[in-house]
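1. take this sequence and fold it.
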Amino acid sequence: MNVEESVKKIRPFQPDIIIGGPPCQDFSSAGKRDEDNGRGDLTVCYAKIIAEITPKWFVMENVERILKTQKL
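-> The predicted model follows:
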């Protein structure tokens with residue numbers, strides 16, 4: 001399922017909150033920090049879904065190093 005399909009499935013419910021925890025391996029100091037291996041793309045997809053749905057609130061659990069990535 002891609003971002004567009006996800007948005008189509010979620011939008012009718014008009015959620016007030018969306019909670020997610022995309023994979024952290026690409027950003028974790030314990031991992032290889034290989035932002036180009038593909039798992040980090042799921043974090044970008046999560047952000048796009050939030051931007052499209054515009055819930056009142058959202059929660060994204062991840063590692064602190066994600067704040068230093070160039071992907072978001």
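2. mean confidence for the host helix or strand of Ala51?
-> According to DSSP states H and E, Ala51 maps onto helix 39-53. In this model, helix 39-53 has an average pLDDT of 88.
3. with stretch 56-72 instead?
-> Here the average pLDDT along stretch 56-72 is 76.
4. same thing with stretch 13-26?
-> Across stretch 13-26, pLDDT averages out at 87.
5. list the buried residues of that stretch.
-> Within stretch 13-26, the residues that qualify as buried are 18, 20, 22-24, 26, counting by 16 or more other Cβ atoms under 10 Å. For glycine as for every other residue, the C-beta is placed from the backbone atoms N, C-alpha and C.
6. a markdown table for those residues, including distance to Leu42?
-> Shown next, in a markdown table, are the buried residues of stretch 13-26 (distance: Cβ to Cβ, whole Å):
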| residue | distance to Leu42 |
| --- | --- |
| Ile18 | 14 |
| Gly20 | 9 |
| Pro22 | 5 |
| Pro23 | 6 |
| Cys24 | 10 |
| Asp26 | 9 |
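7. which of these fall within strands?
-> 18, 20 (DSSP state E).
8. identify the farthest-apart pair in the buried residues of stretch 13-26.
-> Spatial extent of these (Cβ to Cβ) is set by the pair Ile18 and Asp26 at 21.1 Å.
9. distance between the ends of stretch 46-61?
-> One end of stretch 46-61 to the other measures 11 Å (Cα to Cα, to the nearest Å).
10. in that stretch, what counts as buried?
-> 46-47, 49, 53, 58.
11. and these, which is closest to Ile10?
-> Ile53 (5.7 Å).
12. so the closest one makes contact with Val7?
-> Yes - counting by Cβ atoms under 8 Å, Val7 is a contact partner of Ile53 at 6.4 Å.
13. so how far is Phe13 from the closest residue to Lys9 other than its chain neighbours?
-> Excluding the flanking residues, the one nearest Lys9 by Cβ to Cβ, 6 or more residues apart in numbering is Met1, at 7.8 Å. In this structure, Met1 and Phe13 are 16 Å apart, going by Cβ to Cβ, to the nearest Å.
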